[in-house]
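Participant: using only what follows, build the 3D model:
(one chain, ligands or ions: 4)
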Amino acid sequence: MTLSASVVAELFFVLLVAVVCPGSSATTIQWYRTARGNSDRLSQQTSITFGGDFTSSSTITVNRQVTYQTVLGFGGAFTDSASYIFSKLNSTLQAQLLDMYFSESGLKYNMARLPIGSCDFSLENYNYDNTSGDADLSKFSINHDKENIIPFIKGALTTMQKWTNDSLNIVASPWSPPGWMKVPESPYCPQSCSNCELKDEYKHTWALYFSKFVSAYKSEEINIWGVTVQNEPEYCPSNYESMHFTPETERDFIKTYLGPQLKEDHPDLNILIYDHNKDHVVEWAKTIYSDSDAAQYVWGTAIHWYTGDQFSNLNTTHNLFPDRPILATESTENRETNPKSPEWGKGEHYAHDIIGDMNNWVVGFIDWNLLLDVLGGPNHKGPDECEGAVKCGFDSMLLVDYNSQIIYPQVFYYYVGHISKFVPRESVRIDTVVAGSTLETVAFLTPDKTVVVVVMNRQDHPVTFKLLDIVDGSKQAVRVTALARSIQTFMYR
Ligand SMILES: *[C@@H]1O[C@H](CO)[C@@H](O)[C@H](O)[C@H]1NC(C)=O
Ligand SMILES: *[C@@H]1O[C@H](CO)[C@@H](O)[C@H](O)[C@H]1NC(C)=O
Ligand SMILES: *[C@@H]1O[C@H](CO)[C@@H](O)[C@H](O)[C@H]1NC(C)=O
Ligand SMILES: *[C@@H]1O[C@H](CO)[C@@H](O)[C@H](O)[C@H]1NC(C)=O
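Facilitator: Ligands and ions are numbered 1, 2, ... in the order given. Predicted coordinates for the structure are as follows:
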């Protein structure tokens, strides 16, 4: 081997630096904080520096040499309700809202979910072909979405293009086919799950419907990255769009109809199974991934959070099928009673879920409605359960009073931002160990080799800890205090 003069000079320089600066004692740490007790909201703090190691009763150890899954991204959902509210904002607030989510100064979202047809957060029931018996979908049209949904997505794309070449990875999900494809013929499940399925003669038509949806969006210059087979296939409400699949019927629908159709028409599209709570994820993964004829069409597994943490189910799923990414596709909180003084715990719940999910192999997180009105609506779930939007509304990171043209950011806007804003796509999760405290943490190595460490303190008192970084056996440490009810993001190279 021969070395050029410049390489030799460079090696000499590296050796010189190593001798003059033993370890990495001058490493600067930039950090951002959100805390209940002060006005910090994703606010940059005065930078700190690592020094040598010391003893401490409470430590978070970060080891970038132990790596896990690669990050896909973070985002929210372009529901009909969110898109309607967006259309009601004036141009200043529309630009502000798009910046808050999709710009370099905002949360840097690069993922989204898009309902295929109406869902619980739509103003009314709609679909793209309501002509009974139109088996080859000659009347298919996404005209409905051109009014509010597509302009909102286009705004997000334009906002992203100002600062990144990253794609917006859109996951599209159906809540129900048009009623005429189902038994009984309703977009809802009027008689519970046991009788709410696709008609056999329209299984091919329903697979074609997915393909036509993706093509129609493509002709609007919006690329769909993936689809889930069915939103919440185990839940069959009678007052909004739903359809039932078991693990076996979803497997067979993918194997015989959806997989072949989409592979032929859209070979780059990703198919995700399940799209429901963490409680039964292992069973669904086992049933579908164990059948290679179905599994060949599938990318990974989508999960929701409504049955609680259940992080170990994600680890089990990963251990059984390590090549199948897991993506969180929906989570929300109940309606915020006072948007001007939101519950702090909701922010902590979101960060707790994302930290726990990502420490158990989840590659990304997509929140539910990107925005809602101050009553947590509007939606069309029906008067029996909901009394309009008042009782059955949900919370959203950004609640909007469009009569007064005001956006109210909720606490979880900041908490999710502490992760989404600093963890770009293609970052890799790295190892962390918490000792001597109940602090919650997750860490990543970004593509440009920045270490990002998120630390949350859910206690009512401050916690002082040692942040310890280990590389090649050499240690650097710094003492930090996590304020009561706070989250912080540390970044260093
Ligand atoms: C939009 O509404 C906000 C809040 O009322 C106001 O400050 C702003 O000037 C409005 N922008 C336009 C273009 O009307
Ligand atoms: C679809 O057709 C059914 C049956 O004719 C009708 O009851 C329903 O209102 C239609 N839905 C829409 C969204 O037009
Ligand atoms: C996006 O890609 C183009 C073409 O490869 C490149 O010139 C540009 O610098 C990239 N922009 C960003 C923000 O990375
Ligand atoms: C996940 O499972 C592996 C293998 O059983 C185990 O070693 C690891 O501790 C588990 N991780 C978590 C976070 O529980």
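
Participant: for ligand 3, see how far away residue 295 is.
Facilitator: 35 Å (Cβ to the nearest ligand atom, to the nearest Å). To be clear about C-beta, it is placed using only N, CA and C from the backbone, and glycine gets the same treatment.

Participant: is any residue of stretch 76-96 near ligand 1?
Facilitator: Yes: for stretch 76-96 and ligand 1, the contact criterion (Cβ under 6 Å from any ligand atom) is met by 90, 91, 92, 93.

Participant: can you mark which positions in that stretch are buried?
Facilitator: 76-86, 89, 93-94 (16 or more other Cβ atoms under 10 Å).

Participant: tell me which of those is nearest to residue 413?
Facilitator: Closest approach between the buried residues of stretch 76-96 and residue 413, by Cβ to Cβ: residue 76, at 10.2 Å.

Participant: narrow the buried residues of stretch 76-96 to those in helices?
Facilitator: Within these, residues falling in helices by DSSP state H are 80, 81, 82, 83, 84, 85, 86, 93, 94.

Participant: for the residues you listed, work out which two are farthest apart.
Facilitator: Greatest spacing in these, by Cβ to Cβ: 80 and 93 (19.2 Å).

Participant: what strand or helix carries residue 69?
Facilitator: Per DSSP states H and E: residue 69 is located in strand 59-70.

Participant: so what does that strand touch, helix or strand wise?
Facilitator: strand 362-369, strand 428-435, strand 440-445, strand 451-457, strand 463-471 (3 or more Cβ pairs under 8 Å, 6 or more residues apart in numbering; DSSP states H and E).

Participant: walk me through which strands it pairs with, and which way each runs.
Facilitator: Sheet pairing here is set by DSSP bridges, and for strand 59-70 it gives strand 428-435 (antiparallel), strand 463-471 (parallel).

Participant: buried set for the first one?
Facilitator: Buried residues in strand 428-435, counted by 16+ other Cβ under 10 Å: 428, 429, 430, 432.

Participant: what's the closest of those residues to ligand 1?
Facilitator: Set against ligand 1, the nearest of the buried residues of strand 428-435 by Cβ to the nearest ligand atom is residue 429 (40.5 Å).

Participant: closest one of the buried residues of stretch 76-96 to residue 106?
Facilitator: residue 76 (11.7 Å).

Participant: which residues does the closest one contact?
Facilitator: Contacts of residue 76 were listed using Cβ atoms under 8 Å, 6 or more residues apart in numbering, and they are 82, 101, 109, 112, 113, 366, 367, 368, 369, 370, 397.

Participant: with residue 115 instead?
Facilitator: Residues in contact with residue 115 (Cβ under 8 Å, 6+ apart) are 77, 78, 79, 80, 121, 122, 172, 173, 174, 175, 231.

Participant: residues in contact with residue 295?
Facilitator: Contacts of residue 295 by Cβ under 8 Å, 6+ apart are 288, 289.

Participant: for ligand 2, what's the nearest residue on the stretch 201-350 of the chain?
Facilitator: Closest point on the stretch 201-350 of the chain to ligand 2, by Cβ to the nearest ligand atom, is residue 241, at 10.9 Å.

Participant: so residue 476, which of the three states?
Facilitator: strand (DSSP: H, G, I helix; E, B strand; the rest coil).

Participant: for it, list each beta-bridge partner.
Facilitator: residue 469.

Participant: isn't it up against residue 27?
Facilitator: Yes: applying Cβ atoms under 8 Å, one finds residue 476 in contact with residue 27, separated by 6.1 Å.

Participant: between those two, who's got more neighbours?
Facilitator: A count of neighbours by other Cβ atoms under 10 Å puts residue 476 above the other of residue 476 and residue 27, at 21 against 17.

Participant: show me the shaky parts of the stretch 1-150 of the chain.
Facilitator: 1-25 (pLDDT under 70).

Participant: where exactly do the strands run in it?
Facilitator: Along the stretch 1-150 of the chain, counting by DSSP state E, counting those that start in this stretch, strands occupy 28-35, 43-44, 48-49, 59-70, 73-77, 111-116.

Participant: same question for the stretch 251-400 of the chain.
Facilitator: Using DSSP E, counting those that start in this stretch, strands in the stretch 251-400 of the chain cover 270-277, 300-304, 326-330, 362-369, 371-373, 398-401.

Participant: include mean pLDDT, mean neighbour count and distance to ligand 1 when you put these into CSV, please.
Facilitator: Below are these laid out as CSV (pLDDT from 0 to 100; neighbours: other Cβ atoms under 10 Å; distance: least, Cβ to the nearest ligand atom, whole Å):
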stretch, mean pLDDT, mean neighbour count, distance to ligand 1
strand 270-277, 98, 24, 37
strand 300-304, 99, 25, 35
strand 326-330, 99, 26, 31
strand 362-369, 98, 25, 21
strand 371-373, 95, 25, 15
strand 398-401, 96, 22, 10
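
Participant: export these as JSON lines, with columns for distance to residue 247.
Facilitator: Output for the strands of the stretch 251-400 of the chain, formatted as JSON lines (distance: least, Cβ to Cβ, whole Å):
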{"stretch": "strand 270-277", "distance to residue 247": "8"}
{"stretch": "strand 300-304", "distance to residue 247": "12"}
{"stretch": "strand 326-330", "distance to residue 247": "16"}
{"stretch": "strand 362-369", "distance to residue 247": "20"}
{"stretch": "strand 371-373", "distance to residue 247": "32"}
{"stretch": "strand 398-401", "distance to residue 247": "36"}
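
Participant: per-domain residue ranges of the protein.
Facilitator: 5-69+428-492, 72-420 (automatic domain parsing).

Participant: for ligand 4, find the nearest of those.
Facilitator: Of the domains of the chain, nearest to ligand 4 by Cβ to the nearest ligand atom is domain 72-420, at 3.7 Å.

Participant: distance between the ends of that closest one?
Facilitator: For domain 72-420, the first-to-last residue distance is 11 Å (Cα to Cα, to the nearest Å).

Participant: count the residues that sit near residue 469.
Facilitator: 24.

Participant: next up, the contacts around it.
Facilitator: 27, 50, 61, 62, 64, 451, 475, 476, 477, 492.

Participant: could these go into TSV alongside distance to ligand 2?
Facilitator: Shown next, in TSV, are those (distance: Cβ to the nearest ligand atom, whole Å):
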residue	distance to ligand 2
27	60
50	61
61	57
62	53
64	53
451	51
475	64
476	62
477	62
492	54
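
Participant: as TSV, these with distance to residue 186 would be great.
Facilitator: Below are these laid out as TSV (distance: Cβ to Cβ, whole Å):
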residue	distance to residue 186
27	61
50	62
61	55
62	53
64	53
451	53
475	63
476	62
477	62
492	56
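
Participant: just the buried ones from these?
Facilitator: 27, 50, 61, 62, 64, 451, 476, 477, 492.

Participant: isn't the fifth one up against residue 471?
Facilitator: Yes: under the contact definition of Cβ under 8 Å, residue 64 touches residue 471, with a separation of 6.3 Å.

Participant: ok, residues contacting stretch 350-357?
Facilitator: Counting by Cβ under 8 Å, 6+ apart, 303, 305, 309, 311, 314, 326, 328, 331, 362, 365, 367, 412, 415-416, 418-419, 440-442, 454, 456, 458, 487 sit against stretch 350-357.

Participant: can you count the residues close to residue 194?
Facilitator: The burial count for residue 194: 9, using other Cβ under 10 Å.

Participant: tell me the confidence at it?
Facilitator: Model confidence at residue 194, given as pLDDT, is 82.

Participant: dump the residue contacts of residue 193.
Facilitator: 234, 235, 236, 244.

Participant: and the last one, its phi and psi?
Facilitator: Dihedral angles of residue 244 (phi, psi; degrees, to the nearest 10) stand at phi -100, psi 130.
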